[in-house]
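*Asks:* Would you be able to build a 3D model of this:
(one chain, ligands or ions: 1)
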Amino acid sequence: MGCDTAGKTEMKVSGFLALKNLYILEKTIGTGGFGKVKLATHILTGEKVAIKIMEKACLGDDLPRIEQEIKALKQFSHHHICQLYQVIETETHYFMVIEYCSGGELFDHIVEKNRLSEMESRSFFRQILSAVAYLHSLGYAHRDLKPENVLLDHDQTLKLIDFGLCAKPIGGLDVQLLTSCGSPTYAAPELIQGKKYLGPEVDVWSMGVLLYAILCGFLPFDSDRIEVLYRKILRGRYEEPAWLSQGSKRLIKRMLTLDPLRRVTVKELLNHEWVQLGYNEPVSFEPLYDFHMKDDACVSLLAEHHNLSSNDMWAKLSRWDYDYDTATYLILVSRKRQSLPLKLNPVW
Ligand SMILES: O=C(Nc1ccc2c(c1)CNCC2)c1ccc(F)cc1
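*Replies:* Next up, the predicted model:
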């Protein structure tokens, strides 16, 4: 099968052997330069998941990006970051089984409503800030924040995806970002100028572009000609629609500051007055739960299924192999947190 990502000549492949008896593949819910994302069902729990399918031959020099994303996602456990459940590698493909976000992309939500109220924008912004501050606390920068990478769960909880460009350590980061990603619409000026030593400040700029798009319903810097787009970003001037409050205008100005050294920091944003309005408490970025915690009910349910003692089952789970057992355990823990019934389907 060719490397076309548009799926034009996609053959109806009943499913990949590597997923057989583990997942039932369903419709395609996303396509990107890397490959495609399909909706699937995790058979043992019946849980819907998203499976990112990437053909190694088609990844070319993007292969390190995928390996970087896998390595990063295995470190993360946060309620505003899509949870990685399982990684399957075959000779020809990578499969990443990730938490499904039935609400789809935040972008579609904004387009449908044209633009969001200041209060709704603040709610989404606080969740994005919580996820980004968490990444930074672990020494990572996302570096590719844009609406397509911000998804919504079934209850409008916001989830970040696509950590292919997130990098650690902060500082000394290369600028391969531009070469390996699409339009720099959300990219900071220092980034498009190819400067070195980019870090959390580039995420602040991108969050500023995101916040502007949510509040205004259009982009601060836009052009379908890349050199015009560059010029606009480097000039740093953008429209301020009449409906923006003074507080919103002041915050956006602090985030879309050309000089990264003068730009507001994530730390300052966490208790910024605009961010606090109506909440009166700083944004916390600590994870609400850490999936590395042992949950006895879930361990014993899985132990019983495997005819193992709970201790042996936990010994295996705490290796965090990101195999089918890791996926089943993380899904059970997630269902328990949502007070959903804990059950495993008998394997026919
Ligand atoms: O759930 C995902 N995408 C998704 C889910 C639902 C819908 C869409 C995308 C887009 N159309 C509306 C419905 C998803 C989850 C993880 C991931 F890495 C990539 C994509």
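*Asks:* what does the stretch 151-300 of the chain have sitting close to the ligand?
*Replies:* 151, 161 (C-beta under 6 Å from any ligand atom). Using the backbone N, CA and C atoms, a C-beta is placed for each residue, glycine as well.
*Asks:* try 8 Å
*Replies:* Along the stretch 151-300 of the chain, the residues adjacent to the ligand under the rule C-beta under 8 Å from any ligand atom are 151, 159, 161, 162.
*Asks:* How about the contacts made by the last one?
*Replies:* Meaning residue 162. Contacts were defined as C-beta atoms under 8 Å, 6 or more residues apart in numbering; by that measure residue 162 touches 69, 144, 148, 149.
*Asks:* and those residues near the ligand, which?
*Replies:* Near the ligand, taking C-beta under 8 Å from any ligand atom as the test, no member of the contacts of residue 162 is found.
*Asks:* residues near residue 20, how many?
*Replies:* One way to gauge burial is a neighbour count; for residue 20, by other C-beta atoms under 10 Å, it gives 12.
*Asks:* My error: substitute residue 102 in the last question.
*Replies:* 13.
*Asks:* for the spatially closest residue to it that is not a sequence neighbour, phi and psi?
*Replies:* Nearest residue to residue 102, sequence neighbours excluded (C-beta to C-beta, 6 or more residues apart in numbering): residue 154, at 4.6 Å. Summarising the backbone geometry of residue 154 under the convention degrees, to the nearest 10, its torsions are phi -60, psi -30.
*Asks:* Just the pLDDT at the residue in the stretch 51-200 of the chain positioned nearest to the ligand, thanks.
*Replies:* Closest to the ligand within the stretch 51-200 of the chain is residue 104: 3.0 Å, counting by C-beta to the nearest ligand atom. Confidence at residue 104, expressed as pLDDT, is 94.
*Asks:* Make sure it is actually in contact with residue 151.
*Replies:* Yes. Between residue 104 and residue 151 a contact is recorded at 6.5 Å, counting by C-beta atoms under 8 Å.
*Asks:* Which one's more surrounded, these two?
*Replies:* Remark: of residue 104 and residue 151, residue 151 carries more neighbours, 26 against 12, as counted by other C-beta under 10 Å.
*Asks:* I'd guess that one is in a helix, am I close?
*Replies:* No. Counting by DSSP: H, G, I helix; E, B strand; the rest coil, residue 151 is not part of a helix but strand.
*Asks:* Quick check: closest non-adjacent residue to it.
*Replies:* With C-beta to C-beta, 6+ apart as the measure, residue 101 is the residue that lies nearest to residue 151, at 3.7 Å, once sequence neighbours are left out.
*Asks:* For residue 131, see how far away that neighbour is.
*Replies:* Counting by C-beta to C-beta, to the nearest Å, the separation of residue 101 from residue 131 is 13 Å.
*Asks:* again with residue 302
*Replies:* Distance, residue 302 to residue 131, by C-beta to C-beta: 29 Å.
*Asks:* repeat for residue 155
*Replies:* When C-beta to C-beta is applied, the distance between residue 155 and residue 131 equals 16 Å.
*Asks:* who has more neighbours, the two?
*Replies:* Neighbour totals were compared for residue 155 and residue 131, and residue 131 leads with 22 against 8 (other C-beta under 10 Å).
*Asks:* which strands and helices sit next to the helix or strand harbouring residue 325?
*Replies:* Element membership of residue 325, judged by DSSP states H and E, is helix 324-337. Using 3 or more C-beta pairs under 8 Å, 6 or more residues apart in numbering; DSSP states H and E as the contact criterion, the elements in contact with helix 324-337 are strand 35-42, strand 47-55, strand 84-89, helix 296-306, helix 310-317.
*Asks:* check contacts around the nearest residue to residue 193 once chain neighbours are set aside.
*Replies:* Taking C-beta to C-beta, 6+ apart as the measure, residue 193 lies nearest to residue 234, with 7.2 Å between them; neighbours along the chain are not counted. With contact taken as C-beta under 8 Å, 6+ apart, residue 234 is in contact with 189, 192, 193, 258.
*Asks:* Can you flag the buried ones in those residues?
*Replies:* With burial judged by 16 or more other C-beta atoms under 10 Å, the buried subset of the contacts of residue 234 is 189, 192.
*Asks:* which stretches of the chain form helices?
*Replies:* Using DSSP state H, the helices found in the chain span residues 56-59, 63-73, 106-113, 118-137, 176-179, 189-192, 200-216, 226-235, 246-255, 266-270, 273-276, 296-306, 310-317, 324-337.
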